[in-house]
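Chemist: got a sequence here, can you build the structure:
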Amino acid sequence: MHVAIAGNIGAGKTTLTNMLSKHYGWDTHFEDVEQNPYLNDFYDDMQRWSFNLQVYFLNSRFSQIQEIHTQKKTVIQDRTIYEDAFIFAPNLHSMGLMTTRDFENYFSLFNLMDSFVQAPDLLIYLRASIPTLVNHIQKRGRDYEESIRLDYLKRLNERYEAWISTYDKGKLLIIDIDNNNFTENQEDLGRIITSIDAEIHGLF
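Modeler: Presented below is the predicted three-dimensional model:
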């Protein structure tokens, strides 16, 4: 089984991935942030590095999915290939940070990959307001995230909501992070686990 967690920067994807992996004994696949050779450059000069960054993520995510489906275990994945294609790349394009030529090239590459990709059995979307995202980002204190602007997060949130409202590739569980402090509250985590159990039992 393939479970994936989607959500904006700072929504708590990595933390929840770790917690659910520990609870269920699932294997994890994380976003390749530490090894990404473009990330620091991108935050310094988004226009110059946006295409390179997005292609790197696309390639990395596609490789992950191929690996997930060759394994006979349940895997939980931190962020999906769809978020790159339907949220981050179009957002960069609409902000004038990726040329139309690069965006069209990128999207044709995604469409090709998508024809080989199997959607997650369960997608968990972490919905969070801008103040919650900012609070989480500040708490973890990653250097390259210090320059993220509020309007950038807001645009991403709007795209996430638009994408989730039409998502039809498989089972979807939405968790409102503003009202669920699963990182510090066991009861809140328990509520998430109960919801996941209900969805998983519906898969069999």
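
Chemist: how about the strands in this protein?
Modeler: Assigned by DSSP state E, the chain shows strands spanning 2-7, 27-29, 75-78, 122-127, 171-176.

Chemist: can you lay out those as JSON lines showing distance to His201, mean neighbour count and mean pLDDT?
Modeler: C-betas here are computed from N, CA, C, even on glycine. JSON lines is the format used below for the strands of the chain (distance: least, CB to CB, whole Å; neighbours: other CB atoms under 10 Å; pLDDT from 0 to 100):
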{"stretch": "strand 2-7", "distance to His201": "13", "mean neighbour count": "25", "mean pLDDT": "96"}
{"stretch": "strand 27-29", "distance to His201": "20", "mean neighbour count": "17", "mean pLDDT": "93"}
{"stretch": "strand 75-78", "distance to His201": "17", "mean neighbour count": "23", "mean pLDDT": "95"}
{"stretch": "strand 122-127", "distance to His201": "11", "mean neighbour count": "23", "mean pLDDT": "97"}
{"stretch": "strand 171-176", "distance to His201": "11", "mean neighbour count": "16", "mean pLDDT": "96"}
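
Chemist: mind checking pLDDT for the residue nearest the centre of the chain?
Modeler: Centroid check for the chain by CA atoms, centre = their mean gives Arg79 as the closest residue, at 2.7 Å. If you check Arg79, the pLDDT there is 93.

Chemist: just the helices from the chain, written as ranges.
Modeler: Along the chain, the segments classed as helices by DSSP state H run 13-24, 39-44, 46-68, 81-83, 89-94, 100-114, 130-140, 150-165, 186-201.

Chemist: ok, back up a step: redo the strands of the chain as CSV? Include distance to Ile200.
Modeler: Below are those laid out as CSV (distance: least, CB to CB, whole Å):
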stretch, distance to Ile200
strand 2-7, 8
strand 27-29, 16
strand 75-78, 12
strand 122-127, 7
strand 171-176, 9
